[in-house]
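1. Below is the sequence, then the predicted model.
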Amino acid sequence: MLISPPFLPPHLDQDDDAYLQRAMRSPEHGNFPVSHKLSWHGGLHLEAPARNNGREPVRAIADGIVAYVRQPTARPATATEDEKHVLGYMGWTDDGCIIIRHDSTIGAQNDAETPVRFYSIYMHMQTIRGIKAGQTIYRKAELGSAGSFEGHANIIHFEIICDDDNLKRLLGRNMGDLNITTNGRTDAVFGEIYFRLPGDTRLYTQRPPLTEKSGSGETVLNESLFVGVRFRGGNAYVSTYRADGTRVGAALTENDAEYELYRQAGKVVQAYGAARASQVPSHSAVYELLRFGRILGPDRLTPGDVPHWRQISTANGQGWVNLNAPGVFKYSDADAPHWAGWQLLMDYDDQNSRCDIDVLRKMLDEDGDGITTRSEAENRLKNTEVQRAMRGMVCKFPTEWQRGGIAERWNWLTQEGPNMETSAAPSLNDSTYLPQADFPEFQRHVEALAFWEDASLGADIGSVHWHFHPVKFFQHFRKCGWLSSKELHQILSAAPKQGRARAEAIRIASNKVLRKYLIATSPLRCSHFLAQVGHETGWWQFRSESGLDRYFRTMYEVITPEEAATDFRKGKAQSLQLVRKGETEQEYAKRRPEAVLKKAEGLHNGAANAKVGGRAGDGVLFKGRGFLQITGRKNYTSYSIYRGQDFTTPPNPELVASDDYNACDVSGFYWSRENVNKEASSGSDRNHVTRVGGKINRGRADRVPLHDNERWEAFTSIWRKMNDTP
């Protein structure tokens, strides 16, 4: 899922949370999910950031279909007319409105994707561009400008909503807390990885050997805890939580753990080999164990009890625990765990707009006397900790935008006041929020702003539905990185049509590999990867290197001086850019055989390298395969060991290209083995694209790759679609 905030100021911060805070600044009014009156408020008021001499325009948060448009009412010319107008109640409020339906995917179980549908609502628009209901709209498209709310300028009311079925797909459930007696979902896995440790979990003062399940200095936790491992910026951050979300001790930093994941997994495999274990796990399976805490791909972890040692903080200090011990359950942010702040709240049986949820009322009761006054609510709603807690609340209640039933939903305002006391004579009593005599004016104002019946959404999503805190929604799903069919099509818009079709055919396998190798965690990394793979394969056209047997033998195995001279005379050597500047035919024919022998030695190819398994015919048998192609007996052997499968015995080398997952995974294998993520995370300018290309095409970042201009053009097109720049 690709998603951006409704305002897109320049992305000055490397930290995504800081960017979202700047892009989605909320004024003191318009809180989520309740107001100071303790009435439900389904969205958040956002202030348009400054832009040059004006304000940032409102933009579509994701690809979708426009479900409803209401052009704003023209504002009266004078203040007096403003006050008399039905939209002038409590100050002018713009009524321009857009609703967009978004359909995307966030993961897959085997080959069955998890589709999700949600709606974004943009209210209080001052202007709306030429947008019509039913039209397709794309992320970052300009919708119009923010308007006014009760006299406050440059404000929009912004909502994200969904129904029961889609909440279950989005968060893995649609009621209660996360089930902690079983492992979490495996279709969608992203963000922080969590482990539930039972109270009898063994804790060690020193890390035991990599193959051992116990060590010295053993103690017991004596309480159930949750451990989170978050990969970010090259490092891993290990945090410990209790069930209520409170942190235990400080988060521990594992420097470069993200970049070293491939090598750390290799050390575990080597330790099993050195211990002469009866079973040695595959490198790929151990990589997934360290990456996800469990195996999500096709490679089995054998033995299944390979230890996963991490140092954690506890109430009594730090210690080492085995996160793959029996009784440890695994989850991720995709499970929306309650210890990460998620709460699912429902209040809709009475069909009114008053919040009757005790947990919310108590949160705003400043002195704890059981009565929440207006001043208490106003103060508490400004509190940072309260705001943070409310972000994780996903609430089901009636929309405030329905024209019918306003008296039933809002009449309590005339009976209940700032001190939450019921009045015997509410029409004129100061203890009520709204005198009964003023209710008709209030009702006309609400009716003027209402749009639900006009939007005709009832067949798709009822007037009682789930509401997300917008900032939390963005923080959450910007971690996902799973690309839907429509999103991939947009990202690759500059690629040839057939290239887009070929990319779509392997999209699920590609998404799994991007997720596995920590490429999907960053739009920048993903852009580098897609650009390099797209160029290297002719936009996914070539899974195998093409050519005749003679070509593969003389490129990767052995060549005679006579063959080299022939290639020079026919121009083949020049077309492959094998000839040095100013080199003659005789010089090339003398140099080339030695160069091929040296290359064959590095690849373990051909009879000349029989001591390491080389045989005649290795050139064609182990030709380049996969989307970032591996070449040579040595690399095929390495990948066989990595996956725990035989890709060297004929006809198995063909499986590297013919199987969709293998063709994608071998690309991630090379990307991870060569630590390309570190280079890809460094920047988006021409120099960084060249350096990434150098690692892919020449094996070193300081070497300019072939077709450097084409790689740059591919990257800029993809990056423009994936980043937050309009």
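-> The structure has been received and is ready for your questions. Quantities reported herein were computed from a predicted structural model and do not represent experimental measurements.
2. How is this protein divided into domains?
-> Per automatic domain parsing, the structural domains of the chain span 16-173+358-472, 193-335, 523-722.
3. Switch the ones you listed over to CSV; also include distance to Pro496, mean pLDDT and mean neighbour count.
-> Every residue, glycine included, has its C-beta placed from N, CA and C. Compiled in CSV, the domains of the chain are given as follows (distance: least, CB to CB, whole Å; pLDDT from 0 to 100; neighbours: other CB atoms under 10 Å):
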stretch, distance to Pro496, mean pLDDT, mean neighbour count
domain 16-173+358-472, 20, 91, 18
domain 193-335, 30, 96, 18
domain 523-722, 6, 95, 19
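4. Among those, which comes closest to Met346?
-> domain 16-173+358-472 (4.4 Å; CB to CB).
5. distance between the ends of the closest one?
-> End-to-end span of domain 16-173+358-472 (CA to CA, to the nearest Å): 12 Å.
6. Now the residue nearest to Lys479 when sequence neighbours are not counted, what are its backbone angles?
-> Nearest non-adjacent residue to Lys479, counting by CB to CB, 6 or more residues apart in numbering: Gly191, 4.0 Å away. Per-residue torsions, Gly191: phi 70, psi -140 (degrees, to the nearest 10).
7. how close does Gly191 sit to Phe329?
-> From Gly191 across to Phe329, the span is 17 Å (CB to CB, to the nearest Å).
8. Name all residues that make contact with Leu171.
-> 335-336, 342, 344, 394 (CB atoms under 8 Å, 6 or more residues apart in numbering).
9. Tabulate the domains of the chain in TSV, adding columns for distance to Ala505.
-> Formatted as TSV, the domains of the chain follow (distance: least, CB to CB, whole Å):
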stretch	distance to Ala505
domain 16-173+358-472	12
domain 193-335	18
domain 523-722	8
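10. looking just at contacts, which helices and strands does the longest strand along the chain meet?
-> Counting residues, the longest strand found in the chain (DSSP state E) is strand 112-128. On a contact count with 3 or more CB pairs under 8 Å, 6 or more residues apart in numbering; DSSP states H and E, strand 112-128 meets strand 64-70, strand 96-109, strand 142-149, strand 152-162, helix 164-171.
11. Skip ahead from it and say which helix or strand is next.
-> strand 136-137 (DSSP states H and E).
12. where along the stretch 201-350 of the chain do the helices fall?
-> Ranges of helices within the stretch 201-350 of the chain are 261-274, 283-292, based on DSSP state H, counting those that start in this stretch.
13. Would you convert those helices into CSV that also reports distance to Thr314?
-> Shown next, in CSV, are those (distance: least, CB to CB, whole Å):
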stretch, distance to Thr314
helix 261-274, 23
helix 283-292, 21
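14. For Tyr237, give its distance to Glu192.
-> Remark: distance between Tyr237 and Glu192 (CB to CB) = 9 Å.
15. Need the overlap of contacts for the two.
-> 229-230.
16. The helix or strand encompassing Gln586 packs against which elements?
-> Gln586 is part of helix 585-603, with elements assigned from DSSP H and E. Applying 3+ CB pairs under 8 Å, 6+ apart, one finds that helix 585-603 contacts helix 549-556, helix 561-569, helix 618-621, helix 633-643.
17. got the CA coordinates for it in CSV?
-> The C-alpha atoms that make up helix 585-603 are tabulated as CSV, following Å, rounded to 0.1, in the frame of the first residue of the first chain:
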residue,chain,number,x,y,z
GLU,A,585,43.5,-7.2,-32.5
GLN,A,586,46.8,-8.8,-31.6
GLU,A,587,46.8,-7.2,-28.2
TYR,A,588,43.2,-8.3,-27.5
ALA,A,589,43.8,-11.8,-28.7
LYS,A,590,46.8,-12.1,-26.4
ARG,A,591,45.1,-10.6,-23.3
ARG,A,592,41.6,-12.1,-23.5
PRO,A,593,42.3,-15.8,-22.9
GLU,A,594,44.0,-15.0,-19.7
ALA,A,595,41.2,-12.7,-18.6
VAL,A,596,38.6,-15.4,-19.3
LEU,A,597,40.6,-18.0,-17.3
LYS,A,598,40.9,-15.6,-14.4
LYS,A,599,37.1,-15.0,-14.5
ALA,A,600,36.5,-18.8,-14.8
GLU,A,601,38.6,-19.3,-11.7
GLY,A,602,36.6,-16.9,-9.8
LEU,A,603,33.4,-18.6,-10.9
